[in-house]
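Q: Pasting the sequence and the predicted model now:
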2 protein chains.
Amino acid sequence: MKSALVLFSHGARDPEWSVPFRNIQRRIAARCPELAVELAFLELAPPTLADAVEKLAAAGHARITVAPLFMAPGGHLKRDLPRLLDELRGRHPGVVLELLPAIGDVEAVLDAISDWLVEMSRR
Amino acid sequence: MKSALVLFSHGARDPEWSVPFRNIQRRIAARCPELAVELAFLELAPPTLADAVEKLAAAGHARITVAPLFMAPGGHLKRDLPRLLDELRGRHPGVVLELLPAIGDVEAVLDAISDWLVEMSRR
């Protein structure tokens, strides 16, 4: 089954804003070249999550994992993202759409941030 | 010189939103008990950055490092945070106030996120 990943972030008008997400996309491509990875944004910049899922489904990906790259999901994301995913599941019945937790829920990410902050504070 | 760290994030009305930042605060306290660590928020929840700096300066901290825990800084943060820090430097002339980059600029954090995403995509 062809798998794909969507890196979903807030979005901003400034194109420079998306640099960290493009860096993550590049890192994943280096580690896992067989995995299709697309960016998508909640607002202010294209593509939308619906656009990214549409593109990946049209390319034959039958399992798409959506990764919200937010430290903590705000009310908007907590309420609206599950609803949007249900709508996309209805539109793409042949695709398994999975949602990952926010990165602030991931122990290894919290450890990396904490270690870096301790290092910076000891300089 | 007594050092301190401020974990600066967006803020939300939902108290649950701040859990990841409290988890980072707890991790740093475990690794580095001599470092004072406070949370502060851009909007929607107290305390403000000015409140946190005021509290730490009053407690005798002469070096305060501000860590913006954003994946990428939006226009608001890019423009307004440096101005706010200048204002706080004027108000607390005995305190060295340093600003760290956003966490999306930190190689080790991008690696931890990318490794986790690759792991989740391979399940």
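A: Looks like it came in fine. Please read these numbers as outputs of a predicted model, since none were measured by experiment.

Q: in stretch A:28-48, what's buried?
A: Of the residues in stretch A:28-48, those scored as buried under the neighbour-count criterion (16 or more other Cβ atoms under 10 Å in any protein chain shown) are A:28, A:32, A:35-42, A:45, A:47-48. Placement of C-beta: from N, CA and C, glycine included.

Q: Show residues contacting it.
A: Taking contacts as Cβ atoms under 8 Å, 6 or more residues apart in numbering or on different chains, the residues outside stretch A:28-48 that touch it are A:2-13, A:15, A:17-18, A:21-22, A:25, A:49, A:51-53, A:55-56, A:59, A:61, A:66, A:76-77, B:114-115, B:117-118, B:121-122.

Q: Kindly report the same for stretch A:71-90.
A: Outside of stretch A:71-90, the residues that reach it under the criterion Cβ under 8 Å, 6+ apart are A:8, A:42, A:49-50, A:53, A:66, A:68, A:70, A:95, A:97, A:99, A:102-104, B:9-10, B:12-14, B:17-21, B:69-71, B:103.

Q: Mind giving me the PyMOL select for the residues you listed, buried ones only?
A: Under the burial definition 16+ other Cβ under 10 Å, those of the contacts of stretch A:71-90 that qualify are selected in PyMOL by:
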select buried, (chain A and resi 8+42+49+53+66+68+70+95+97+102+103+104) or (chain B and resi 9+10+12+17+18+20+21+69+70+71+103)
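
Q: So what's the gap between the lowest-mean-pLDDT helix or strand in chain A and the chain middle?
A: One helix or strand of chain A scores below all others by mean pLDDT, DSSP states H and E: helix A:75-91, with a mean of 91. Between the centre of helix A:75-91 and the centre of its host chain there is 14 Å, according to Cα atoms, centre = their mean, to the nearest Å.

Q: tell me which residues of that helix are tucked away?
A: Using 16+ other Cβ under 10 Å as the test for burial, helix A:75-91 gives A:77, A:78, A:81, A:84, A:85, A:88.

Q: And chain B, is the helix or strand that that helix is followed by touching that?
A: Towards the C-terminus, the helix or strand next in line after helix A:75-91, according to DSSP states H and E, is strand A:96-99. No. Against chain B, strand A:96-99 shows no contacts by Cβ under 8 Å from any Cβ of the partner chain, the least distance being 8.6 Å.
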